[in-house]
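Asker: Sequence and predicted model, in that order:
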Amino acid sequence: MSRPPLVPPGPELTASERTRYARHLLLPDIGSDGQRRLRAARVLVVGAGGLGSPALLYLAAAGVGTIGVVDDDVVDLTNLQRQVVHGVADVGRAKTASAEEAVHAISPTTQVVEHTARLDESTALAVIADYDLVLDGADNFPTRYLVGDACARLGIPHVWGSVFRFDGQVSVWWAGEGPCYACVFPQQPPPDAVPSCAIGGVLGAVCASVGSVMATEAVKLVTGIGEPLVGRLLVHDALAQTWDSLPVTADPGCRVCGSGADLGAPLGWATGVRAGSSPDGSGADTVAAEEVRPTVSVTQLSAELEGGALLLDVREAGERAVVALPGGEWVPVGDLRGGADVPGVEPGARVYVYCKTGVRSGEAVDLLRARGVDAVNVEGGILAWIEQIEPDLPKY
């Protein structure tokens, strides 16, 4: 069902604005009143990446008056396959700065607020409270759960999207009006249970499909038109080119928005969120394990390999297709969890284990050492090798 507009209309449109937004004014559901609401709206976009990029462009083009952008990252060459607010000249720049420039190229009068620090338990409420609604395109579970928790406490609608490979999901979480994020996804998944796009890949155009739906939902909420995705989860399969809508409901016992929710507790306590997400977006809390886990730097590893040391790659096949260190064995960490052996490992032999950043290989080392294998984790993984040993190798 439709809901009242989130934002009251601002001042009358100028002649120039009436020309610019004429195609909106021709829509009876939006008209001049709706366009004035869009100009008065304050929308926060979490993540200037694959989903944030199309959402930012369409929010700017729609005439949203204030857009906040949260991202603590810089533009990398691998981003350009899908993150269309950034270009080749932006590589190395802060994503918020690049996004601000792209928004102003479309809508010079839009106010862009750059939030260059990652949201955490101490900042999320204060940042989000300054906006009418949030579009969440975060690439890691800790941020998603923190945003969901903060929006639920503040009663702010939370337009959420997610993509992986050829699939996407979109919904509007809104405590009090329907389910919050934690009602449907009550607990943060274990590390690597859901691979990130940095590990499994994503078709860039799928981000455009999902991000544009997120922007559409934002416009509907601001102006009070149509039926927003409250209580519905939209699921997209790009290979089959299908969109399916699944009903989702609020959980009365939800520890974030239910009757027993502790509004005085720190953000994220109810869903197992930890403040420091891992470098590959898994959200793994690896400090305790690393204190007792043997490690080796890539510089030390280079010397060991010259002496014939055994190397083990625990990444996925697609990652190896991009770049791999020569020689050694390959057993994905998921196979190790299932009890797979490492070929060619003699009793007492030392094995140097690597992945992309050192997170999954750390888990693999723990699994192998529990079986009596002398496994050592390669700090920083293959990305550290590329940075320090062979900078001409491709990165991902």
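Answerer: It's in. Small disclaimer: the values here were computed from a predicted structure and weren't measured.

Asker: for the protein, longest helix please?
Answerer: helix 204-223 (DSSP state H).

Asker: by contact count, what packs against that helix?
Answerer: helix 31-40, helix 52-62, strand 133-136, strand 158-164, strand 167-173, strand 232-237 (3 or more Cβ pairs under 8 Å, 6 or more residues apart in numbering; DSSP states H and E). Heads up, the C-betas are built off the backbone N, CA and C, glycines and all.

Asker: Could you check the angle it makes with strand 167-173?
Answerer: Interaxial angle, helix 204-223 versus strand 167-173 (axes from the mean of the first three to the mean of the last three Cα atoms, to 10 degrees): 10 degrees.

Asker: mind checking how far Pro186 is from Leu44?
Answerer: Pro186 is 24 Å from Leu44, where distance means Cβ to Cβ, to the nearest Å.

Asker: ah, wrong one, I meant Ala124
Answerer: Ala124 is 11 Å from Leu44, by Cβ to Cβ.

Asker: next one: Thr66
Answerer: 9 Å.

Asker: what touches both of those two?
Answerer: Tyr131 (Cβ atoms under 8 Å, 6 or more residues apart in numbering).

Asker: So for these two, which sits in the more crowded spot?
Answerer: Neighbours per residue (other Cβ atoms under 10 Å) separate Thr66 from Leu44, with Leu44 holding more: 25 against 17.

Asker: Now do the helix or strand hosting the more buried one: which elements does it pack against?
Answerer: Secondary structure from DSSP states H and E places Leu44 in strand 42-46. Judged by 3+ Cβ pairs under 8 Å, 6+ apart, the packing partners of strand 42-46 are helix 52-62, strand 66-70, strand 133-136.

Asker: which residue ranges form the strands in the stretch 251-396 of the chain?
Answerer: Along the stretch 251-396 of the chain, counting by DSSP state E, counting those that start in this stretch, strands occupy 295-296, 310-313, 329-330, 350-354, 374-378.

Asker: ok, the second one: who's next to it in the sheet?
Answerer: Strand 310-313 has the following sheet partners, assigned by DSSP bridges: strand 329-330 (parallel), strand 350-354 (parallel).

Asker: How many residues are close by Ala261?
Answerer: Ala261, neighbours per other Cβ under 10 Å, totals 19.

Asker: coming back round to it: how distant is the longest helix of the chain from the center of its chain?
Answerer: Helix 204-223 sits 15 Å away from the centroid of its parent chain (Cα atoms, centre = their mean, to the nearest Å).

Asker: One more: stretch 373-388?
Answerer: Centroid displacement of stretch 373-388 relative to its chain, using Cα atoms, centre = their mean, is 25 Å.

Asker: With stretch 241-251 instead?
Answerer: Per Cα atoms, centre = their mean, the centroid offset for stretch 241-251 relative to its chain is 20 Å.

Asker: Please apply the same query to stretch 59-74.
Answerer: Worked out by Cα atoms, centre = their mean, stretch 59-74 lies 16 Å from the chain centre.

Asker: now the helices: where do they sit in the stretch 201-350 of the chain?
Answerer: 204-223, 287-290, 298-306, 317-322, 333-337 (DSSP state H, counting those that start in this stretch).

Asker: just checking, what packs against the third one?
Answerer: Which is helix 298-306. Counting by 3+ Cβ pairs under 8 Å, 6+ apart, helix 298-306 packs on strand 350-354, helix 381-388.

Asker: one step back: turn the strands of the stretch 251-396 of the chain into TSV, columns for mean neighbour count, distance to Arg82 and mean pLDDT.
Answerer: Shown next, in TSV, are the strands of the stretch 251-396 of the chain (neighbours: other Cβ atoms under 10 Å; distance: least, Cβ to Cβ, whole Å; pLDDT from 0 to 100):
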stretch	mean neighbour count	distance to Arg82	mean pLDDT
strand 295-296	18	33	96
strand 310-313	22	26	95
strand 329-330	16	27	94
strand 350-354	24	26	96
strand 374-378	24	28	96
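
Asker: Pick the most buried one from the helices of the stretch 201-350 of the chain.
Answerer: helix 204-223 (a mean of 23; mean count of other Cβ atoms under 10 Å).

Asker: tell me the contacts of the closest residue to Val112 other than its chain neighbours?
Answerer: Leaving aside its sequence neighbours, Val112 sits nearest to Glu100 (Cβ to Cβ, 6 or more residues apart in numbering; 4.3 Å). Residues near Glu100 by Cβ under 8 Å, 6+ apart: 69, 112, 114.

Asker: shaky segments in the protein?
Answerer: 191-194, 270, 272-291 (pLDDT under 70).

Asker: That'll do, ta.
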